[in-house]
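Peer 1: Need coordinates for the below:
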Amino acid sequence: MTKPFSQACENNQQPILEVLRRHVTVPGTLLEIGSGTGQHAVFMARHLPQLQWQPTDVPANLPGIDAWRTEAGLGNVAPPLAFDVWDAAPSLNPSRYLYSANTLHIMSWETVQRFFSLIPALLEPDGIAFFYGPFNYDGAFTSDSNARFDQWLKAQAPHQGIRDFAAVAQLAEQAGMKLVEDCPMPANNRTLVWRRYL
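Peer 2: All right, here's what the predicted structure looks like:
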């Protein structure tokens, strides 16, 4: 099959890698929620060989992710697994690291809440979670381009939209995590890094 391709993934993977390198200090499994095309999985795993990267996504996206994985031939990228945060009993094992890029503004807010409620079952104690994407601060967009992007998202599906940092941080706190870093990224995005303390 023709591999799916995202130019945004191509543009942001190196800056995200630099953030991961600062925090991935011990070997372990990294669970990626919403792997999309699969580009991040193979790029990050190639540069972070101490990780075992576990991609996940909805079933329709798994063939594309596996096409990237197969072509890369990396021993530290596992076959992608089907995962839906609304599954009654998620079957994924807790991992040392959790990573999710450009998902929170695609999910409905109820789904974001459900996702964070699962983190204690998905992330080991003292594990680290990384979330990449656009966020609002104090209820305001950080740029005109993010405001236009939010309008575009809502036009595609009303449940979508850029989330406010404070609301997401509250969910993270309820999931037993403390913020380690809020890192500005290119194109008015952020990488939020939390450590699980419970």
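
Peer 1: Okay, helices next: where are they in this structure?
Peer 2: Counting by DSSP state H, one finds helices in the chain at the ranges 7-23, 39-47, 62-72, 109-122, 144-156, 165-174.

Peer 1: want to throw those helices into CSV with mean pLDDT, mean neighbour count and distance to residue 100?
Peer 2: Glycine gets a C-beta too; all of them are placed from N, C-alpha and C. Output for the helices of the chain, formatted as CSV (pLDDT from 0 to 100; neighbours: other Cβ atoms under 10 Å; distance: least, Cβ to Cβ, whole Å):
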stretch, mean pLDDT, mean neighbour count, distance to residue 100
helix 7-23, 97, 15, 11
helix 39-47, 98, 22, 10
helix 62-72, 97, 18, 14
helix 109-122, 96, 17, 8
helix 144-156, 98, 13, 17
helix 165-174, 98, 16, 11
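
Peer 1: List the contacts of residue 34.
Peer 2: 56-57, 100-103, 106 (Cβ atoms under 8 Å, 6 or more residues apart in numbering).

Peer 1: which among these gets closest to residue 35?
Peer 2: Using Cβ to Cβ, residue 57 comes nearest to residue 35 of those, at 4.8 Å.

Peer 1: That closest one pairs with what?
Peer 2: With DSSP bridges applied, the residues forming beta bridges to residue 57 are residue 82.

Peer 1: separation between the nearest residue to residue 83 once chain neighbours are set aside and residue 114?
Peer 2: Closest residue to residue 83 apart from its sequence neighbours, by Cβ to Cβ, 6 or more residues apart in numbering: residue 56 at 3.8 Å. According to Cβ to Cβ, to the nearest Å, residue 56 and residue 114 sit 15 Å apart.

Peer 1: Then residue 25?
Peer 2: Distance of residue 25 to residue 114, given as Cβ to Cβ: 30 Å.

Peer 1: Identify the residue nearest the most centrally placed residue in the chain in space, chain neighbours excluded?
Peer 2: The centroid of the chain falls nearest to residue 100 when counting by Cα atoms, centre = their mean (0.6 Å). Nearest residue to residue 100, sequence neighbours excluded (Cβ to Cβ, 6+ apart): residue 33, at 4.3 Å.

Peer 1: out of the helices of the chain, which comes closest to residue 84?
Peer 2: Distance to residue 84, taken as Cβ to Cβ, is lowest for helix 109-122 among these, at 9.4 Å.

Peer 1: And that closest one, what does it pack against?
Peer 2: Applying 3 or more Cβ pairs under 8 Å, 6 or more residues apart in numbering; DSSP states H and E, one finds that helix 109-122 makes contact with strand 28-33, strand 95-101, helix 165-174.

Peer 1: for these, which one sits closest to residue 88?
Peer 2: Minimum separation from residue 88 across the helices and strands packed on helix 109-122 (Cβ to Cβ) falls at strand 28-33, 17.1 Å.
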